[in-house]
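> Sequence and predicted structure, then a few things I'm wondering about:
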2 protein chains.
Amino acid sequence: MADREQAIVLVSGGMDSCVTAALAGRDYETAFLHVRYGQRTGEKEYRSFESLANYYGVKKRLVVDISYLRQIGGSCLTDERIEVPVSDLGKEEIPVSYVPFRNTHLLSIAVSWAEVIGATKIFIGAVEADSSGYPDCRKVFFDVFNRLIAVGSKSGNTIEVATPLIGLTKKEIVLKGAELKAPFHLTWSCYKEIHLACGRCDSCALRLKGFKEAGIEDPIPYEGE
Amino acid sequence: MADREQAIVLVSGGMDSCVTAALAGRDYETAFLHVRYGQRTGEKEYRSFESLANYYGVKKRLVVDISYLRQIGGSCLTDERIEVPVSDLGKEEIPVSYVPFRNTHLLSIAVSWAEVIGATKIFIGAVEADSSGYPDCRKVFFDVFNRLIAVGSKSGNTIEVATPLIGLTKKEIVLKGAELKAPFHLTWSCYKEIHLACGRCDSCALRLKGFKEAGIEDPIPYEGE
């Protein structure tokens, strides 16, 4: 196993990053990166990250705090004055949970770390289809980001971002996770609450829809059940 | 003046960002962004930033700490175990002062802030010609980054990175600064020392060469003078 190439996996602690970690672990020696950005549910997400890293026996872990995103604000996830809305997945516009340009921050940290530890891949569980409509979760964004790594880093073309879930629906992600025996019971997706998942925000709604369509029971408890 | 568009200027506190701020201020209402990344000379650079912001009467200021770059390491600027070398500007390779993928971190913060305050330009004093050879200081890097903003942010094409010094030599930057009466006496460039500039690291060497070729005296004192 020691000869396998290294990959960094961005692990938020949600179901998508859990399945992404399961996928990456098949082919790479994985290093887990968790980024706290002052979001309301940060503590819960961090605990899920640690549980997932323990579950997979990951030795290289990096936890980075970019809570300066809270100083900047502009999202209901980082500004307590902006309420987390009840899900309305039919809407076309970018939701208030959008954290301005967030994925560029996350990926930059991953690239810097990859350059130092010699990793060749960066896995991120971004989903374009069946997602909240964030501009930085689209395939075109990751294509341009890979070009940025090629022109802007010392290691050039040897580091690449991989987005294995980008074209999957939430249903397909649940099925893929079940196939890989991904530990969904350790994950956390809710944007709003910190004890039991609310079941009503965009993130909970997408997750529940995925499990329902896959015909699999979501192993985590929800408020009011 | 209130009707002018807003621009964010990345102000490290060095001579290049000082001249960039002078240029940006001619056409825009400027907001100054300073990023601390755990570099050895951080305190000195921060004081230069504050002095420059006071000098230009800038109201919107954001100081962000990304000292997680120190956790990651990989550069003599952020890792005390790697010595800052005496300048050898003739070398072709990327120097050890290269901080992995640093400019992407800096620009991401600027884009997030621009989205929230409604700024349309981001000025950065990067120099390609006559520089230390960092990959993320080349024009091609900024071209790709602008494409990344267009595809990855809510505001799309309305935010753009401007690099007015990118093609200038250090000599030309000094002359431009002199023309704009840029307050060079408030700036700090040295990578190594924190009392008097060392005069010998890459950054000091480039600065001194620029002033010498411009036939203008550098107003800051150096060690051993």
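Cool, the structure landed. Residues are numbered from 1 along each chain as shown, chains lettered A, B, ... in the order given.
> Could you use CA atoms for every contact and neighbour count after this?
Fine.
> ok, the spatially closest residue to residue A:65 that is not a sequence neighbour - contacts?
Of all residues not flanking residue A:65 in the chain, residue A:36 sits nearest, at 4.8 Å (Cα to Cα, 6 or more residues apart in numbering or on different chains). Residues near residue A:36 by Cα atoms under 8 Å, 6 or more residues apart in numbering or on different chains: A:42, A:46, A:63-67.
> Next: residue A:20.
Applying Cα under 8 Å, 6+ apart, we find residue A:20 in contact with A:9, A:123-125, A:164-165.
> now residue A:24
Residue A:24 touches A:7, A:9, A:30, A:123, counting by Cα under 8 Å, 6+ apart.
> and the last one, what are its bridge partners?
When you say that, I think you mean residue A:123. residue A:9, residue A:162 (DSSP bridges).
> What is the neighbour count of it?
Residues lying near residue A:123 (other Cα atoms under 10 Å in any protein chain shown) number 26.
> next one: the first one
Other residues lying near residue A:7 total 28 when counted by other Cα under 10 Å.
> just checking, it touches residue A:121?
Yes. The pair residue A:7 and residue A:121 qualifies as a contact (Cα atoms under 8 Å) at a distance of 4.6 Å.
> Longest helix in chain A, by number of residues?
helix A:102-117 (DSSP state H).
> Tell me which other helices or strands that helix touches.
With contacts taken as 3 or more Cα pairs under 8 Å, 6 or more residues apart in numbering or on different chains; DSSP states H and E, helix A:102-117 sits against strand A:6-10, strand A:121-123, helix B:68-72, helix B:102-117.
> Report the angle between the last one and strand B:6-10.
To tie it back to what came earlier, the one meant is helix B:102-117. 150 degrees (axes from the mean of the first three to the mean of the last three Cα atoms, to 10 degrees).
> residues in contact with residue A:122?
Counting by Cα under 8 Å, 6+ apart, residue A:122 touches A:7-10, A:110-111, A:114, A:159-162.
> ok, so what distance separates it from residue B:203?
Distance check for residue A:122 against residue B:203: by Cα to Cα, to the nearest Å, it reads 32 Å.
> Next one: the helix or strand bottoming out on mean pLDDT in chain A, is it in contact with chain B?
Within chain A, no helix or strand scores below helix A:68-72, which has a mean of 85 by mean pLDDT, DSSP states H and E. Yes. Helix A:68-72 comes into contact with chain B (Cα under 8 Å from any Cα of the partner chain), by way of A:68, A:72.
> shaky segments in chain A?
A:1-2, A:88-92, A:130-132, A:155-157 (pLDDT under 70).
> near chain B, which residues of it?
So far as Cα under 8 Å from any Cα goes, chain A lies against chain B at A:64-66, A:68, A:72-74, A:94, A:100-102, A:104-105, A:108-109, A:111-113, A:115-116, A:134-138, A:140-141, A:144-145, A:147-148, A:151-154.
> Buried subset of those, written for ChimeraX?
Restricted to buried positions by 16 or more other Cα atoms under 10 Å in any protein chain shown, the ChimeraX selection for these reads:
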select /A:64,65,66,68,72,73,74,100,101,102,104,105,108,109,111,112,113,115,116,134,135,136,137,138,141,144,145,147,148,151,152,153,154
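> can you pull out the strands in chain A?
Using DSSP state E, the strands of chain A run over A:6-10, A:29-36, A:61-65, A:121-123, A:160-162.
> Walk me through which strands the second one pairs with, and which way each runs.
To tie it back to what came earlier, the one meant is strand A:29-36. Assessed with DSSP bridges, strand A:29-36 is paired to strand A:6-10 (parallel), strand A:61-65 (parallel).
> Export these as TSV, with columns for distance to residue A:219.
Shown next, in TSV, are the strands paired with strand A:29-36 (distance: least, Cα to Cα, whole Å):
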stretch	distance to residue A:219
strand A:6-10	22
strand A:61-65	26
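> deepest of these, which one?
strand A:6-10 (a mean of 26; mean count of other Cα atoms under 10 Å in any protein chain shown).
> List of residues touching that one?
By Cα under 8 Å, 6+ apart, strand A:6-10 touches A:17, A:20-21, A:24, A:28-34, A:106, A:110, A:114, A:118-125.
> Apply 6 Å and report the result again.
With contact meaning Cα atoms under 6 Å, 6 or more residues apart in numbering or on different chains, strand A:6-10 is reached by A:28-33, A:119-124.
> repeat for stretch A:110-119
With Cα under 6 Å, 6+ apart, stretch A:110-119 has contacts from A:6-7, B:72, B:74, B:100-101.
> out of the residues you listed, who's nearest residue A:220?
residue A:7 (28.2 Å; Cα to Cα).
> the helices in chain A, which residues?
A:15-27, A:42-55, A:68-72, A:102-117, A:139-152, A:170-179, A:202-214.
> before we move on, back to that, the helices and strands packed on helix A:102-117 into a markdown table, with extra columns for distance to residue A:198?
Output for the helices and strands packed on helix A:102-117, formatted as a markdown table (distance: least, Cα to Cα, whole Å):
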| stretch | distance to residue A:198 |
| --- | --- |
| strand A:6-10 | 24 |
| strand A:121-123 | 28 |
| helix B:68-72 | 32 |
| helix B:102-117 | 28 |
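> picking that back up, with distance to residue A:189 added, can I get the helices of chain A in CSV?
As requested, the helices of chain A are exported to CSV (distance: least, Cα to Cα, whole Å):
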stretch, distance to residue A:189
helix A:15-27, 7
helix A:42-55, 8
helix A:68-72, 20
helix A:102-117, 17
helix A:139-152, 22
helix A:170-179, 13
helix A:202-214, 6
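> among the ones you listed, which is nearest residue A:221?
helix A:202-214 (11.2 Å).
> list the buried ones in that closest one?
A:202-208, A:210-211, A:214.
> Do I have it right that residue A:67 meets residue A:40?
No. Taking contacts as Cα atoms under 6 Å, residue A:67 lies outside contact range of residue A:40: 10.9 Å.
> that older thread, would you tell me which of the helices and strands packed on helix A:102-117 gets closest to residue B:172?
Per Cα to Cα, nearest to residue B:172 of the helices and strands packed on helix A:102-117: helix B:102-117, 22.8 Å.
> between the closest one and helix A:139-152, how big is the angle?
Using the same axes, to 10 degrees: helix B:102-117 against helix A:139-152 is 140 degrees.
> and helix B:102-117, how far out from the chain's middle?
Relative to the chain's own centre, helix B:102-117 is displaced by 14 Å; criterion: Cα atoms, centre = their mean, to the nearest Å.
> Likewise for stretch A:26-44?
7 Å.
> what's the first-to-last distance across it?
By Cα to Cα, one end of stretch A:26-44 lies 27 Å from the other end.
> Counting neighbours, which bits of that stretch end up buried?
A:28-42, A:44.
> Closest one of those residues to chain B?
residue A:35 (10.6 Å; Cα to the nearest Cα).
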